[in-house]
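In: only geometry, no sequence info:
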């Protein structure tokens, strides 16, 4: 099946706790809303066609793979490339579009988990890429080498830092132990990041010769992205420092354990009313599961029969 | 009574300095069917883009009595239905209905009037049953017809088409030519398909290197082999 | 009608297909939230949730195998949760010793892992059914209905519209590359070039796609202008949701709430 290849940064539903998901939704929505407004100001009427078609191009670009060794292949996320070409705010909008459509149509990443995924890829990915790229360009403003080096480093760093955010979310949800998840995610993505950097380099090289002007986004896109630069710097620093600290805890943060204990304690008073054993000898849990199984089976078979009957009476007509 | 299209001394230079149009003047009366022919690079597409204000040059362009200038652009674009060469770029909405409804929606009509316009436009290009279809799945001929419907729904006074028969197989081409002949409004067509021009467009303008070098009856001009040859054209 | 291999929508006739996409969208989200909030080891709830999603799959005519096959693609991520079997505290199930490393699997850990896999597996099935039974233009309307900004919905629509076109372009580029990827039979020639070179070629293709996309977006913009576009996203008002659909929506939400309460009663 030629769907997008397995994307280790698109978190499916079920792996993040409701709390973590909600918090990240609440952070992402206003930021993306603001990015939309900024893009409206900077691009004006053009924004819908440009953002939409570029998002499609980035998605299509993610299908372009190249074989690294034997079976594995590298491919592109595109946050860095989008940031270089469009400036940070437009890149946020484009990546939002890509990640959302991936979740909605292709189930690449969950729907509830879309908030966190947008945070990691469209926000953190872009902010870090912008931070690295614009810093390097500022160091060597006139030299084309700055463009290439900046692009490559931005690509690699954005992938790695975004993966750290991803790992931290999994840890905070109690899904993965910190001392495994963080190094594993970081390690894998340091390798994947090399692929991203290489493809980004190839894309920049092509665009540099074909349409030089495209690589100098107009002043409007770069202006006022100081906020993004600061955000990118802050996130990179935070995650880079936090991650090794967190991975020192073998069973995840104590906060998580306390959270689960608290929930357990809150639940018991409500259900004191139900006796412990409804049927002698069979624990309530097992009884409930069996009952649920019976009801469920009835539901499924009933539906299957109903559908078969409807089909037969349709063909008989 | 105004001319459908009136251009006076239009000149245009691209930002890189290339002079695309030089001192173009022409008049097209309501109901006329005119073809614009010439070699690639003659400026046909550039000229067309001036008719609805996408490009602006020096000189005067008036459409349906309206000067093509910023305050009028909304009404101008409703008066001039422009169909571009590649229907892929023109069918940008999720469904056919959405694409054909786009024009009337932007004109500000209420939902039932939009529905009416869409139905009528699709019917006049013979695509009545296609409203719920997804543009991506259609054949080139179907896409070209729907692209025409997307501008017909605005009930324009003038229909401008850029290379309508390019890329069509003989059957689709025949269908398209027949449909164009059934439409009553003023028409300006830019085309390499001289056989179609001779059949369906009584008046022809020959362009070369940014200028209009001939303007007259198709039957006459297209029979003049020397003239055609001088401007890179050939009646195949 | 040629269906693009990427498009998950299967045009069939079924009660699920006919249901208003807005209702399907909200119910799918509610289902996923319910799965997410259902506590670890609340097996009765998981069983019933599974029965519900299975019944909907049957009702939709999509075929259970089709949905389960697509759902399996999301499962590799379960590897991320696998270690929790050994790191959660609780009653010991079994131990593994590999040299200096000794791992203790706990019941709680296994329950936690199983719950995560179930939540994920059930959620993705619900999402697949929604995507496969609703034409995308209707999903766009559903997004409008739940409050996604109109401009963003318009961009989604454009991305979807040109997705297939550009993916086909990307495939053509890859086919062209494959056609030129022959091996020389001379000794000493290293086929394939270096990995870095291959990455640069892929990058060039990506750059080419982006460039063509830019230029295409200019043409689309001109086409939009020609039809009166003024920068504001305008669309027709959404149709009213039918009474039946509203009934189904409420019934579905109530059912999910009941299951959630059931789950909290039986969770670990």
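Out: Everything's here; your move. Source: prediction; values computed, not measured. Numbering: from 1, shown residues only, chains lettered A, B, ... in the order given.

In: partner residues bridging residue C:105?
Out: residue C:94 (DSSP bridges).

In: for chain B, what spans make up the strands?
Out: B:5-13, B:19-28, B:33-37, B:58-63, B:66-67, B:80-83, B:158-162, B:186-190, B:203-208, B:211-217 (DSSP state E).

In: Mean pLDDT, distance to chain C and mean neighbour count added to the ones you listed, as TSV?
Out: Every residue, glycine included, has its C-beta placed from N, CA and C. Shown next, in TSV, are the strands of chain B (pLDDT from 0 to 100; distance: least, Cβ to the nearest Cβ, whole Å; neighbours: other Cβ atoms under 10 Å in any protein chain shown):
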stretch	mean pLDDT	distance to chain C	mean neighbour count
strand B:5-13	91	15	18
strand B:19-28	90	16	17
strand B:33-37	95	17	24
strand B:58-63	92	12	19
strand B:66-67	90	14	16
strand B:80-83	92	4	25
strand B:158-162	94	9	23
strand B:186-190	95	14	24
strand B:203-208	94	20	22
strand B:211-217	92	23	15
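
In: Smallest gap between chain C and chain A, at which residue?
Out: residue C:203 (1.7 Å; Cβ to the nearest Cβ).

In: For that residue, give me the backbone phi and psi.
Out: Main-chain dihedrals, residue C:203, degrees, to the nearest 10: phi -60, psi -40.

In: quick one: it and residue A:202 touch, right?
Out: Yes - judged on Cβ atoms under 8 Å, residue C:203 makes contact with residue A:202 at a distance of 1.7 Å.

In: circling back to that earlier point, residue contacts, the residue of chain C closest to chain A?
Out: Each residue near residue C:203 by Cβ atoms under 8 Å, 6 or more residues apart in numbering or on different chains is listed here: A:198-206.

In: For those, pick the one with the most neighbours.
Out: Of all these, residue A:199 has the most neighbours under the rule other Cβ atoms under 10 Å in any protein chain shown, reaching 33 neighbours.

In: Does the helix or strand harbouring that one reach chain C?
Out: For residue A:199, the host element (DSSP states H and E) is helix A:178-210. Yes - judged by Cβ under 8 Å from any Cβ of the partner chain, helix A:178-210 comes into contact with chain C at A:180-181, A:195, A:198-207, A:210.

In: circling back to that earlier point, adding distance to residue B:143, write the strands of chain B out as TSV.
Out: As requested, these are exported to TSV (distance: least, Cβ to Cβ, whole Å):
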stretch	distance to residue B:143
strand B:5-13	26
strand B:19-28	27
strand B:33-37	22
strand B:58-63	26
strand B:66-67	30
strand B:80-83	11
strand B:158-162	14
strand B:186-190	18
strand B:203-208	27
strand B:211-217	31
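
In: Among the residues of helix A:178-210 next to chain C, find me the one that's closest to residue C:103.
Out: Using Cβ to Cβ, residue A:180 is the member of those that sits closest to residue C:103, with 11.5 Å.

In: Around the closest one, how many other residues sit close by?
Out: 21.

In: Ok, residue C:33 next?
Out: Using other Cβ under 10 Å, residue C:33 is surrounded by 19 other residues.

In: Hmm, it is touching residue A:112, no?
Out: Yes - Residue C:33 is within contact range of residue A:112, at 6.2 Å (criterion: Cβ under 8 Å).

In: Can you work out which residues contact both of the two?
Out: Residues touching both residue C:33 and residue A:112 (Cβ under 8 Å, 6+ apart) are residue A:18.

In: Would you mark the buried spots in the helix or strand harbouring residue A:166?
Out: Following DSSP H and E, one finds residue A:166 within helix A:144-172. For helix A:144-172, burial by neighbour count (16 or more other Cβ atoms under 10 Å in any protein chain shown) applies to A:146-172.

In: go on, stretch A:17-34?
Out: A:17, A:20-25, A:28, A:31-32.

In: How about the residues of chain A by chain B?
Out: Counting by Cβ under 8 Å from any Cβ, the residues of chain A near chain B are residue A:49.

In: So residue B:235 sits against residue B:199, correct?
Out: No - in this structure residue B:235 lies outside contact range of residue B:199 using Cβ under 8 Å: 11.5 Å.

In: just checking, next helix/strand downstream of the helix or strand of chain A with the lowest mean pLDDT?
Out: Lowest on mean pLDDT, DSSP states H and E among the helices and strands of chain A sits helix A:219-222, with a mean of 46. Once the chain leaves helix A:219-222, the next helix or strand it forms, by DSSP H and E, is helix A:226-246.

In: counting contacts, what elements does that next one pack onto?
Out: If you count contacts as 3 or more Cβ pairs under 8 Å, 6 or more residues apart in numbering or on different chains; DSSP states H and E, helix A:226-246 packs onto helix A:125-139, helix A:144-172, helix A:178-210.

In: could these go into CSV alongside mean pLDDT?
Out: Below are these laid out as CSV (pLDDT from 0 to 100):
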stretch, mean pLDDT
helix A:125-139, 89
helix A:144-172, 90
helix A:178-210, 85
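
In: Residue A:82 is nearest to which of those helices?
Out: Comparing the helices and strands packed on helix A:226-246 by Cβ to Cβ, helix A:125-139 comes nearest, at 7.1 Å.

In: Please work out which residues outside the lowest-mean-pLDDT helix or strand in chain C touch it.
Out: Within chain C, no helix or strand scores below strand C:92-98, which has a mean of 76 by mean pLDDT, DSSP H and E. Contacts with strand C:92-98, where a contact means Cβ under 8 Å, 6+ apart, come from C:102-107, C:109-110.

In: Any idea how far it is from the middle of the chain?
Out: 36 Å (Cα atoms, centre = their mean, to the nearest Å).

In: cool, and stretch C:112-123?
Out: The answer for stretch C:112-123 is 16 Å, by Cα atoms, centre = their mean.
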